[in-house]
Structure formats: C-alpha cells, structure tokens
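Student: Any chance you can model this:
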Amino acid sequence: MKALVALILLVQLPAFRAAPAAPPAPLGCDDPESEAAAEFAVNYINGHSHHGYKFALNRVDNIRVVPQGPNNDIILLELDLLETTCHILSPTPLVNCTVRSFTNHAVEGDCDVKLLKVDGKFSVLGSKCHSHADSAEDIVRVCPDCPLLLSLNNTDVLAAVTAALNDYNSQNPDGYLKLLEIGRATMQHLPSNSMSVEFAVAATNCTAAEAKAQVEACQLLPEDQSNFGFCTATRVIMPTEKLQVDCQLYGHQPGVTYSQPGQDTSVGLVPSVTQGFTNHNLRFSHNDAAASESFSSEFPSAALSAKKPVAKRAVAEAAQHDKVPRPVGFVPPPPPCPGRIRYFEI
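Tutor: Numbering: from 1, shown residues only. Below is the predicted model:
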C-alpha cells in the first residue's frame with residue numbers, strides 16, 4: 001500500500017526542469033578570444049591583398065558573437081588597421097614590419113570581417129575594407145616640415161621612379177628589373193627640397209644590354225622562377241640635384257604572385273592616370289556564398305564610414321548613464337569596446 005501511494009505521488013509531482021543557463025558574457029574587444037580572431041582576420045586580409053602594403057592591427061573597434069550551435073559561432077569584427085613599411089610582396093612576417101609613424105603621413109585601414117569559428121578553428125565568411133591617408137592638414141598642424149604624400153600619378157613622381165630604376169639597371173647589367181607598381185611618394189621641403197619614392201619591381205629574362213636593344217621583348221620570369229623586389233629612392237632637387245637608389249630582391253617565393261593591373265580588381269586597386277590616389281586603397285571584398293546569412297545585411301555600406309563616431313558615441317552614452325555613486329578612489333573598468341589603441345589614432 002505504501003509503495004502504491006509513493007508511486008501515485010511521484011506521478012503527480014511536476015517534472016523537474018533545470019533553470020536555463022545564463023547567456024555567456026559578451027566578449028570585450030581586448031579579450032584573448034577577440035585578439036585571436038582579429039589576428040586571424042588581419043593575416044587573411046594581408047594574405048589576399050595584391051597591391052600596396054601590409055597592414056597591422058591598431059584596434060578592435062567592435063565584436064559581436066552569434067552562437068550557431070555547440071562550439072559553432074559566427075563572429076563579426078570591426079577593425080582599425082595601420083599601413084606598415086612592408087610591401088605586400090615582402091616575405092617579412094607582419095610582426096617584424098614597422099608601422100608608419102603619424103608624422104610619416106600614416107595610412108589607416110577600416111575593415112569589417114565575418115568569421116566562422118568551429119571547434120576553435122576560424123574561417124572567413126566575408127570581409128570588406130577600405131583605407132585612406134591622414135589629411136595633410138593634420139600632419140602640418142603637428143609637424144610643418146614633415147613629408148607629405150603625393151599623387152602616385154604625379155608627373156614628377158613618375159619621372160623620379162623612372163630615373164631611379166634606370167640608374168639601378170645601369171649599375172646592375174646582369175639583370176634587368178621591371179616596374180610593377182609605385183607604392184608611395186612624398187615631398188619634403190626642409191632641410192632640403194627632396195622627393196622620396198617607393199616602388200615594387202620584378203626580375204625579367206633580360207640583361208640590361210638586351211633591354212636597351214629591345215625592352216618590349218623583356219618579360220617577367222615565369223611563376224616558378226619569379227623574383228620580386230622593392231626599391232626606395234630619394235631625389236634631392238635643391239640645393240644640389242642628387243639621386244640615391246636602393247633595391248632589394250626577395251628571391252623566389254613559391255606561391256607568391258603579382259596581379260597585373262586590369263587582371264584582378266577584386267582586391268587592391270592600382271591607381272590609374274585619372275584617379276590620382278596618394279595611396280593604394282585597401283579595397284578588399286570577399287563574401288562566401290555558403291555563408292548562412294547575408295554579409296551586407298550585417299555590415300551595411302555606410303558602416304565603414306560611420307563606425308568610429310558610433311563607437312565613440314556608445315562610450316559617451318555609457319558614461320552619461322552611469323549615475324551610480326562610487327566610493328572615493330574607485331576606478332571604473334574600461335568599456336568592453338572599442339579596444340585599446342596599439343599605436344596611435346588618426
């Protein structure tokens with residue numbers, strides 16, 4: 001009888017249900033997982049860019065995690081990058097590349113990246129970037145005598161690059177180098193009136209003598225023998241004209257290729273005569289067709305231009321609404337986003 005009563009009571013008791021698990025705390029922009037995701041995204045962007053320079057992470061502006069299932073998340077990143085002195089063809093690891101200083105007319109990149117993280121491994125579902133140089137007015141305000149960027153198609157820039165490459169080829173008769181792209185050009189008026197240029201080159205199948213006889217016949221070495229390089233040159237105009245050139249060939253790098261202008265417009269953009277850019281725009285766009293959600297819907301077209309004001313406004317609004325009395329000496333924790341600035345802010 002007692003067993004029957006116990007059984008009846010057990011049947012009548014409501015089924016025990018565990019309380020739902022609390023949602024995980026949102027990631028902060030400086031959390032280790034955020035830093036790992038940002039590092040993966042930056043390496044991906046540099047690895048798929050074909051023109052201009054490598055970019056380094058300056059700050060994680062924002063991060064959002066959208067759970068998809070156990071050990072399966074979509075991560076949306078907003079990143080601030082800064083241009084380094086390493087050309088995209090350089091074998092130098094990013095960690096060893098120097099970020100251009102503010103007074104060296106820095107170039108900033110803004111990127112939105114959509115990652116998939118499954119069992120701790122990242123893959124890129126979508127990304128879009130653009131870059132821009134700091135304004136000349138900002139540079140002059142801080143450093144009136146610092147060099148300023150020139151348009152890459154400036155006639156004086158083209159003349160300086162041509163003179164520099166001709167000078168190098170004339171002093172190295174065994175191999176003729178061909179210009180791939182002009183990377184950067186600056187003008188400085190003090191202490192001397194001088195122009196500095198940087199440009200990427202590649203070895204050809206010609207000697208200097210063969211190129212002088214028929215330069216049109218000189219072709220870049222085939223892909224399995226390719227040899228890219230980078231040159232810097234300074235042309236002093238006044239008080240005494242002088243040209244100093246330095247070129248470095250990287251040696252053959254398996255798998256490293258260069259997209260000629262007109263062959264690849266999906267990443268990078270070589271300035272044309274009519275565009276007059278002062279820097280190679282990090283115009284990078286990628287969208288995985290297999291992604292479950294539209295990349296453009298998560299990062300609307302205006303997001304890149306509006307990103308920074310929105311981030312700053314969010315911090316200001318959080319501070320405005322924090323009216324809770326604090327003990328004397330209390331130091332509030334930093335907001336989860338945007339993250340720390342690694343170099344400087346443009």
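Student: Could you point out the helix or strand that follows the helix or strand containing residue 165?
Tutor: For residue 165, the enclosing helix or strand under DSSP states H and E is helix 155-171. Per DSSP H and E, the first helix or strand lying C-terminal to helix 155-171 is strand 177-188.
Student: If you count contacts, what does that next one end up packed against?
Tutor: strand 148-149, helix 155-171, strand 193-203, strand 228-238 (3 or more CB pairs under 8 Å, 6 or more residues apart in numbering; DSSP states H and E). To be clear about C-beta, it is placed using only N, CA and C from the backbone, and glycine gets the same treatment.
Student: how about it as PDB, C-alpha atoms only?
Tutor: The C-alpha coordinates for strand 177-188 follow below in PDB (Å, rounded to 0.1, in the frame of the first residue of the first chain):
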ATOM      1  CA  LEU A 177      64.300  44.900 -63.400                       C
ATOM      2  CA  LYS A 178      60.800  46.000 -64.500                       C
ATOM      3  CA  LEU A 179      58.500  48.300 -62.600                       C
ATOM      4  CA  LEU A 180      55.400  46.600 -61.100                       C
ATOM      5  CA  GLU A 181      53.800  49.500 -59.200                       C
ATOM      6  CA  ILE A 182      54.600  52.700 -57.400                       C
ATOM      7  CA  GLY A 183      53.800  52.200 -53.800                       C
ATOM      8  CA  ARG A 184      54.300  55.600 -52.200                       C
ATOM      9  CA  ALA A 185      55.700  59.100 -52.900                       C
ATOM     10  CA  THR A 186      56.400  62.000 -50.600                       C
ATOM     11  CA  MET A 187      57.700  65.500 -50.900                       C
ATOM     12  CA  GLN A 188      59.700  67.300 -48.200                       C
END
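Student: can you pull the buried residues of that strand?
Tutor: By neighbour count with 16 or more other CB atoms under 10 Å, strand 177-188 contains the buried residues 177-178, 180-188.
Student: Determine the angle, from 0 to 180 degrees, between it and helix 155-171.
Tutor: 130 degrees (axes from the mean of the first three to the mean of the last three CA atoms, to 10 degrees).
Student: and the angle for strand 177-188 with strand 193-203?
Tutor: 160 degrees.
Student: quick one: stretch 92-106 to chain centroid distance?
Tutor: Relative to the centre of its chain, stretch 92-106 is centred 11 Å away, using CA atoms, centre = their mean, to the nearest Å.
Student: Tell me the buried residues in that stretch?
Tutor: In stretch 92-106, counting by 16+ other CB under 10 Å, buried: 94, 97, 99-100, 102, 104-106.
Student: Can you convert those residues into CSV and add a column each for secondary structure?
Tutor: Shown next, in CSV, are the buried residues of stretch 92-106 (DSSP: H, G, I helix; E, B strand; the rest coil):
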residue, secondary structure
94, helix
97, coil
99, strand
100, coil
102, helix
104, helix
105, coil
106, coil
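Student: Lovely, talk soon.
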